[in-house]
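Q: below: sequence and its predicted model.
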Amino acid sequence: MKDLVFIDSSAFIALNDSSSPWREKSLSWVRSIFSETVGLCTSMGVIVDTASKLKKNVSFDRAERFLKLLKKPGIQILEENEEIQEEAWELFLQSKGISEVSFYDCMKVATMHYFGITKIFTFEKYFDKLQVVRVPKG
């Protein structure tokens, strides 16, 4: 069985924006997992966020290329349901003291919990406070 890793917007953007300060680190990590049994997944919310940010901050062409890549096999798109929304609400209420955490971040973590995923490919350090394993480290 593959170990699933949830991909966050910050990772997708780093992979698709040559000016990202995390570009090399993200490319290096992606290259390193090809020798492992790792499955990659994300959610429609992350896809919408990433495509919107790429269009606004990079170019429409880059956003379009990103969306076309997701049509190919390789990254599983997870469905968010009512149970996930309920857990996200609870996580959000519990995150009162963590100003960086948004309801959207709680949706990502609740989605991960629902599907039994423990690792998230992100460069947002505050995910450490949400009891998930952030990759790559650092």
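A: Yes, it's here. A quick note: this is a predicted structure, and the numbers were derived from the prediction, not measured.

Q: can you list the residue ranges for strands in this protein?
A: 3-7, 38-43, 75-78, 119-121, 133-135 (DSSP state E).

Q: and the ones you listed as TSV, adding mean pLDDT, mean neighbour count and distance to D49?
A: Just so you know, the C-beta spots here come from the backbone N, C-alpha and C atoms, and that holds for glycine as well. Below are these laid out as TSV (pLDDT from 0 to 100; neighbours: other CB atoms under 10 Å; distance: least, CB to CB, whole Å):
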stretch	mean pLDDT	mean neighbour count	distance to D49
strand 3-7	90	21	12
strand 38-43	89	19	9
strand 75-78	92	15	13
strand 119-121	93	21	14
strand 133-135	89	16	18
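
Q: in a markdown table: these, plus distance to L27.
A: Shown next, in a markdown table, are those (distance: least, CB to CB, whole Å):
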| stretch | distance to L27 |
| --- | --- |
| strand 3-7 | 14 |
| strand 38-43 | 14 |
| strand 75-78 | 16 |
| strand 119-121 | 12 |
| strand 133-135 | 14 |
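
Q: which stretch among these approaches A14 most closely?
A: strand 119-121 (9.4 Å; CB to CB).

Q: tell me what the closest one is packed against?
A: Secondary structure elements in contact with strand 119-121, counted by 3 or more CB pairs under 8 Å, 6 or more residues apart in numbering; DSSP states H and E, are strand 3-7, helix 103-114, strand 133-135.

Q: what do you get if the cut-off is 7 Å, keeping everything else the same?
A: Counting contacts by 3 or more CB pairs under 7 Å, 6 or more residues apart in numbering; DSSP states H and E, strand 119-121 packs against strand 3-7, strand 133-135.

Q: helix or strand with the lowest mean pLDDT in the chain?
A: For the chain, using mean pLDDT, DSSP states H and E, the weakest element among its helices and strands is helix 23-33, scoring a mean of 78.
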